[in-house]
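A.B. asks: need a 3D model of the following:
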Amino acid sequence: MTRPLDLSVPIAVPELADLGLILDRAALGRGVFILGGTGTGKSASLVSPLLRALLAERAVAPVDERSCVVCIDPKRELGATLRAGCADAFEVDGRETPPLDVFAALNRDELDAGEVVDRYMSLSDVSMDSQRDSFWRVGARNLLHDCVSIDLHLARLAGAPNDAHIRRSLFWRGLAGALRAAERIAKAETRVLLSPRRPISRYLLLLRMLAREGGSTVQVPSSATLVQRVITQHAPDLALPALSQLPTLASETSSSLVATCSALVGALSSERVQRALRLDVLPPLRTTQVLSMVDRIRNGSVMLYQPSTTSAEGMTIARAVKAATYDAILAGAACTPEGAVQRLVAIVIDEAHEVLTSTGVSDARFLAVGRAFGSAPILATQSISAIRDRLPMGSHDAVRAIITNVATRVQLATSDPDTLHELRALIPPPPIPGPHVLDIRSLAQGLPGEACWISSSGGWGIGRVKLRPSTPSP
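C.D. replies: Numbers count the residues shown, from 1 in each chain. Sure, this is the predicted structure:
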C-alpha cells in the first residue's frame, strides 16, 4: 500500500516569514492568492520565492512524494527561478515537444458533444455577453455540436480505437471525394478535410461550405445533398438538425452563424495552436506521440509554459495547459490507488486573470474540489476587479467561488475598491471603537513588498518582504 503524503510538513519561505505567514503543505493545498498591481513586487517578492521553496523541497523529497510543478508564466519573470531549481524542467512549446492531448485525462467513451464544444469555447475564451449575441452563440454552438457529433458517433460505431480512426477517415475521405468530384471545394480545402490533426479547421470548412449556398441553391446536386448522402452512407442513424437547417437559411443568417462559429473557436484553428495541442476527440493511435498531463503528474515533473499576454494563440495554449492539469488532478493522477494524496501538484499561474474561465473547465468548480486530489494552486493576479472584468457578465457567482475557495491571500499595494472591500470584510475591526487597520496602514500607498495577508486558519497580519538576491530573469 502506497503511503499518503504528510500534509503537516512546513514549506520554508523566508519572504513569507518576513510577513509573519507560515505555510505547510495542507495550507498550500487550500490555495494561495497573491494580488498586486504592476510594480508592487508580487513576482519578485512572493511568487518567485514560493516557487523556489517548492523546488527546494522537491529536490530532497522521496521520488514518490516529489511535488509536480506546472508554471504558466506570461511575464517571463519566473522561468529563471524554475530552471535554476530544476535542471530537467520540461518546457511546453509545441515546437520541440509532442502536442498536449487536451482530452487525455477524460473518459472518451463518455464524452458528450456538448461537453467537447464547451471545452473548445472555453479554451478560445471569446466573450459574447449581450442578449443579441446570445442568439448567435446558441446557434453557433448547435452547429459545432453537430460537427463533433459526427466524429463521436463514428467512433462509437467502430468500438476499438484503431477501427474508430479508420471509420472516421473513410467518412471524411468520402466527403472530400464527393465534394471535389462536384467541384465544390478547392484542392487546398480537400487537404484540410483529410487532416485528422486539424479537427477545428475541418469543422469550420464544412460549415463555410454549407453556408455558401444560403437559401438559393443553384447547383444540382447541392453541397448539402452531397454531405447528407455521405452521412447516410456512413452513419444512417445520426441526426444533425443544425447542419441540416444551415443551407436552408438566408445567406446573411447562415454566414453570420458560421462567422460566430469561427469567432468562438477560430483561435484553435491556427497552425501554432494545432501544433501545440491535440484537440482530437478520438484517442491517439499507438504510434502517435502526445504529451499526457496524467503521466507528467505521476512522474512528479516540472513544467513551464511562457506565453505572451498579447498573443491570443499563446493564451489559448496556456488555458489548455491549465485545463489539462485540472483534468489530470481530478482524475487522481496525484493520488494513491486508495485515493489518498501522494504528491502535491503546484499550479503556479502569474497574471492568472488572463486564463480563468467560467465554462468548460471551470476554475470555480476546480478550486472547490481540487484540494482533495492534491492540487496546490498559487495564483498571482492584479486585483479582484481584474478577475471580474475577465470573466463574462453574469459570472458573479463564479468570481465569488474563485475568491472564496483560495484560502490564503497575500495582498500588496492596491487602490482597487473591490479588493479593499474584500479585505475589510475579512480583517476584523478593532475590539474597541476606532479606525480600521487598513485606514491606518493604507494599501493604496503601500511600498513594494509591503503586504497584508490572511491565512487559511483565519489569522492575518501586515508586514514587508525583505528582497533577497535571486537569479535574474532572462
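
A.B. asks: any weak-confidence spans in the protein?
C.D. replies: Low-confidence segments of the chain, defined by pLDDT under 70: 1-2, 94, 127-132, 213-220, 360, 393-395, 446, 467-474.

A.B. asks: mind giving me the domain split of it?
C.D. replies: As assigned by automatic domain parsing, the chain contains the domains 10-97+291-464, 108-275.

A.B. asks: how about those, which one is nearest Leu282?
C.D. replies: domain 108-275 (5.4 Å; CB to CB). Quick note: C-beta positions are derived from backbone N, CA and C, even for glycine.

A.B. asks: and the closest one, end to end?
C.D. replies: 21 Å (CA to CA, to the nearest Å).

A.B. asks: got it, and stretch 449-459?
C.D. replies: Note: stretch 449-459 ends 20 Å apart using CA to CA.

A.B. asks: if we can go back for a sec, same list (the domains of the chain) but as JSON lines, adding distance to Pro283.
C.D. replies: Formatted as JSON lines, these follow (distance: least, CB to CB, whole Å):
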{"stretch": "domain 10-97+291-464", "distance to Pro283": "11"}
{"stretch": "domain 108-275", "distance to Pro283": "5"}
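
A.B. asks: which helices and strands does the lengthiest helix in the chain pack with?
C.D. replies: Ranked by number of residues, the top helix in the chain under DSSP state H is helix 131-158. Judged by 3 or more CB pairs under 8 Å, 6 or more residues apart in numbering; DSSP states H and E, helix 131-158 is in contact with helix 113-124, helix 161-181, helix 199-211, helix 241-245, helix 251-265.

A.B. asks: got a markdown table for those helices, with distance to Gly300 and mean neighbour count too?
C.D. replies: As requested, these are exported to a markdown table (distance: least, CB to CB, whole Å; neighbours: other CB atoms under 10 Å):
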| stretch | distance to Gly300 | mean neighbour count |
| --- | --- | --- |
| helix 113-124 | 26 | 21 |
| helix 161-181 | 28 | 17 |
| helix 199-211 | 32 | 22 |
| helix 241-245 | 45 | 16 |
| helix 251-265 | 34 | 19 |
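
A.B. asks: so can I have TSV of these showing distance to Ile231?
C.D. replies: Putting the helices and strands packed on helix 131-158 into TSV (distance: least, CB to CB, whole Å) gives the following:
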stretch	distance to Ile231
helix 113-124	15
helix 161-181	8
helix 199-211	11
helix 241-245	8
helix 251-265	18
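
A.B. asks: for those, which one sits closest to Glu189?
C.D. replies: The minimum distance between Glu189 and those falls on helix 199-211, with 5.8 Å, by CB to CB.

A.B. asks: before we move on, the earlier item: so which of the helices and strands packed on helix 131-158 is nearest His436?
C.D. replies: helix 113-124 (38.9 Å).

A.B. asks: now do the contacts for the closest residue to Asn162 other than its chain neighbours.
C.D. replies: Leaving out its chain neighbours, the residue that sits closest to Asn162 by CB to CB, 6 or more residues apart in numbering is Leu285, at 6.7 Å. The contact partners of Leu285, taken as CB atoms under 8 Å, 6 or more residues apart in numbering, are Pro161, Asn162, His165.

A.B. asks: surely the last one and Arg173 touch.
C.D. replies: No - counting by CB atoms under 8 Å, His165 does not reach Arg173; the two are 12.0 Å apart.

A.B. asks: burial of Thr40, as a residue count?
C.D. replies: A total of 24 residues lie near Thr40 under the criterion other CB atoms under 10 Å.

A.B. asks: quick one: secondary structure of Thr40?
C.D. replies: Recorded secondary structure, Thr40: coil (DSSP: H, G, I helix; E, B strand; the rest coil).

A.B. asks: that one reaches Cys452, doesn't it?
C.D. replies: No - with contact defined as CB under 8 Å, Thr40 does not reach Cys452; the gap is 11.9 Å.

A.B. asks: picking that back up, ranking the domains of the chain by burial, who's on top?
C.D. replies: By mean neighbour count, with neighbours taken as mean count of other CB atoms under 10 Å, domain 10-97+291-464 ranks first of the domains of the chain at a mean of 19.

A.B. asks: gap between the two ends of it?
C.D. replies: 21 Å.

A.B. asks: and Val302, what does it touch?
C.D. replies: Val302 sits next to Leu55, Arg58, Cys68, Val69, Cys71, Leu82, Gly85, Cys86, Asp88, Ala89, Phe90 when contact means CB under 8 Å, 6+ apart.

A.B. asks: what count of nearby residues applies to the residue nearest to Val290 when sequence neighbours are not counted?
C.D. replies: Once flanking residues are discounted, Val290 sits nearest to Asp101: 4.3 Å by CB to CB, 6+ apart. Neighbour count of Asp101, defined by other CB under 10 Å: 22.

A.B. asks: look up how far Ser270 lies from Asp101.
C.D. replies: 18 Å (CB to CB, to the nearest Å).

A.B. asks: so Arg197 sits in a strand?
C.D. replies: No - using three-state DSSP, the assignment for Arg197 is coil, not a strand.

A.B. asks: so it makes contact with Leu282?
C.D. replies: No - under the criterion of CB under 8 Å, Arg197 makes no contact with Leu282, lying 11.0 Å away.

A.B. asks: got the phi and psi for the spatially closest residue to Ser43 that is not a sequence neighbour?
C.D. replies: Setting aside the residues directly before and after it, Ser43 is nearest to Glu77 in space (CB to CB, 6+ apart), at 4.5 Å. Torsion angles at Glu77 (phi, psi; degrees, to the nearest 10) stand at phi -110, psi -10.
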